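*Asks:* Sequence and predicted structure, then a few things I'm wondering about:
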Amino acid sequence: MTQTPPEQDTPTPPAPGASRRDFVKNAALFTGTVAALGGGLELLTRRPGAQAEAAPGELIAQARRPLGPYDTSEAVTPYAQATTYNNYYEFGLDKADPARNAGSLRTRPWTVLIDGEVRKPVRVDIDTLQSWFPLEDRIYRMRCVEGWSMVMPWLGFPLAALLRRIEPTGKAKYVQFTALNDPKQMPGQRDAVLDWPYVEGLRLDEAMHPLTLMAVGLQGRILPNQNGAPLRLVVPWKYGFKSIKAVVRITLTEKQPKTTWALASPTEYGFYANVNPSVPHPRWSQATERRIGELRRRPTLPFNGYADQVAHLYKGMDLRRFF
């Protein structure tokens, strides 16, 4: 039976080994209650001064415009928290490890190969790629599969604009994304916690949806290394592990990509990974979440609150089977 984490006014420190990272370290099952509580509570009990680890980043945008059609009006997660509480196993398994260790990543020079079922394959420098499109400012909800969430103001360009530019062929049905694989720069890759490099994928219609963003900035600043610099995918209606970081290759394919987490544990992390409060994770409920910086849990919304925009993509699909 799936357990639902109780509401609490006072945080309780999580038991050791109660988050997703322990699957890859120990391949053991832990209780759903502790697993779902772990994400939000770890932030509230971290050592004093941890927020100072966040680098401010160079400003690349002016003051925010009025809210746009894709923006949520919810309170934004503070920059210091958004940049020091991350899952990024290439830099370590602890939430604070990416902020501590990602300084080893060199984001220039950086090229992205775009190939596969396209008429105009290209290898492009990241700065040239960024210059092709006007940057758009989007405030999105972000929901982690572990049961915690944030509100993130991204800067980037729609993936659809890039795909239209390189012209998919009639055989293209999926988009595969591959992250950097360099253990010298990414110390976490020296451990076989996952099958490196990190790979993710979308159906072509998901990739072409106007909500799907390639992000190069966060809160008006150049994207920090620990948040996926210099280029990351953002798909706000899916669990956060779908939004691959440090992208070096985008390949259009006829067949569904074999993605990293689906290979690591196919019964826990499906290809689609749409946020669905009615489909529990095998080890915890997904019905509620803890917004970072808050004590009480809140209900999780279908498709992370974007159902009006994206539910039609899955019409007729059994969302319990295609989780």
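*Replies:* Structure received.

*Asks:* Surely Val216 and Asp137 touch.
*Replies:* No - the criterion here is C-beta atoms under 8 Å, and Val216 misses it with Asp137 at 11.6 Å. Yep, even glycine has a C-beta here, placed from its N, CA and C like the rest.

*Asks:* quick one, which of these two is more surrounded?
*Replies:* Legend: neighbour count by other C-beta atoms under 10 Å for Val216 and Asp137, higher for Val216 (23 against 19).

*Asks:* what's near enough to touch that one?
*Replies:* Ile60, Ile126, Gln130, Leu135, Leu155, Gly156, Phe157, Ile222, Leu223, Ala229, Pro230, Leu231 (C-beta atoms under 8 Å, 6 or more residues apart in numbering).

*Asks:* How many neighbouring residues does the residue nearest to the second one when sequence neighbours are not counted have?
*Replies:* Spatial nearest neighbour of Ile126, excluding adjacent residues (C-beta to C-beta, 6 or more residues apart in numbering): Trp110 at 4.3 Å. Residue crowding around Trp110 was assessed by other C-beta under 10 Å; the count is 19.

*Asks:* cool, Ala311 as well?
*Replies:* 14.

*Asks:* List the backbone torsions phi and psi for it.
*Replies:* Main-chain dihedrals, Ala311, degrees, to the nearest 10: phi -60, psi -30.

*Asks:* same question for stretch 238-258, mean pLDDT?
*Replies:* For stretch 238-258, mean pLDDT is 98.

*Asks:* now stretch 133-141
*Replies:* Stretch 133-141 comes out at a mean pLDDT of 96.

*Asks:* buried residues in it?
*Replies:* Along stretch 133-141, these residues count as buried under the neighbour rule (16 or more other C-beta atoms under 10 Å): Leu135, Glu136, Asp137, Arg138, Ile139, Tyr140, Arg141.

*Asks:* Would you mind listing the outside residues contacting it?
*Replies:* Applying C-beta under 8 Å, 6+ apart, the contact partners of stretch 133-141 are 60-61, 64-65, 67-68, 70-74, 76, 149-158, 161-162, 211, 213, 216-217, 220, 234, 236, 304-306.

*Asks:* Work out the gap between it and the centre of the chain.
*Replies:* The chain centre lies 15 Å from the centre of stretch 133-141; the measure is C-alpha atoms, centre = their mean, to the nearest Å.

*Asks:* Extract the CA atoms of it and return them as PDB.
*Replies:* Output of stretch 133-141 as PDB, limited to C-alpha atoms (Å, rounded to 0.1, in the frame of the first residue of the first chain):
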ATOM      1  CA  PHE A 133      17.000  33.100 -31.100                       C
ATOM      2  CA  PRO A 134      15.700  35.900 -28.800                       C
ATOM      3  CA  LEU A 135      15.800  34.900 -25.200                       C
ATOM      4  CA  GLU A 136      12.500  34.400 -23.500                       C
ATOM      5  CA  ASP A 137      11.800  34.800 -19.800                       C
ATOM      6  CA  ARG A 138       9.600  32.100 -18.300                       C
ATOM      7  CA  ILE A 139       8.600  31.400 -14.700                       C
ATOM      8  CA  TYR A 140       7.900  27.700 -14.400                       C
ATOM      9  CA  ARG A 141       6.900  25.400 -11.600                       C
END
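
*Asks:* From start to finish, how long is stretch 87-101 in a straight line?
*Replies:* Stretch 87-101 has an end-to-end distance of 12 Å (C-alpha to C-alpha, to the nearest Å).

*Asks:* Can you get me the centre-to-centre distance for it and its chain?
*Replies:* 14 Å.

*Asks:* Any buried residues in that stretch, and which?
*Replies:* 87-99, 101.

*Asks:* For that stretch, what does the pLDDT average out to?
*Replies:* 98.

*Asks:* Likewise for stretch 74-84?
*Replies:* Rounded mean pLDDT across stretch 74-84 is 97.

*Asks:* where does it sit relative to the chain's centre, distance-wise?
*Replies:* In terms of C-alpha atoms, centre = their mean, the centre of stretch 74-84 is found 15 Å from the chain centre.

*Asks:* In PDB, list the C-alpha atoms belonging to it.
*Replies:* Taking Å, rounded to 0.1, in the frame of the first residue of the first chain, the C-alpha atoms of stretch 74-84 are listed here in PDB:
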ATOM      1  CA  GLU A  74       3.600  31.900  -7.600                       C
ATOM      2  CA  ALA A  75       6.400  33.100  -5.400                       C
ATOM      3  CA  VAL A  76       9.800  32.500  -7.000                       C
ATOM      4  CA  THR A  77      12.200  30.200  -5.100                       C
ATOM      5  CA  PRO A  78      15.100  32.400  -3.800                       C
ATOM      6  CA  TYR A  79      18.200  32.200  -6.000                       C
ATOM      7  CA  ALA A  80      20.400  31.100  -3.200                       C
ATOM      8  CA  GLN A  81      18.200  28.100  -2.500                       C
ATOM      9  CA  ALA A  82      17.600  27.300  -6.200                       C
ATOM     10  CA  THR A  83      21.400  27.100  -6.800                       C
ATOM     11  CA  THR A  84      22.400  25.200  -3.700                       C
END
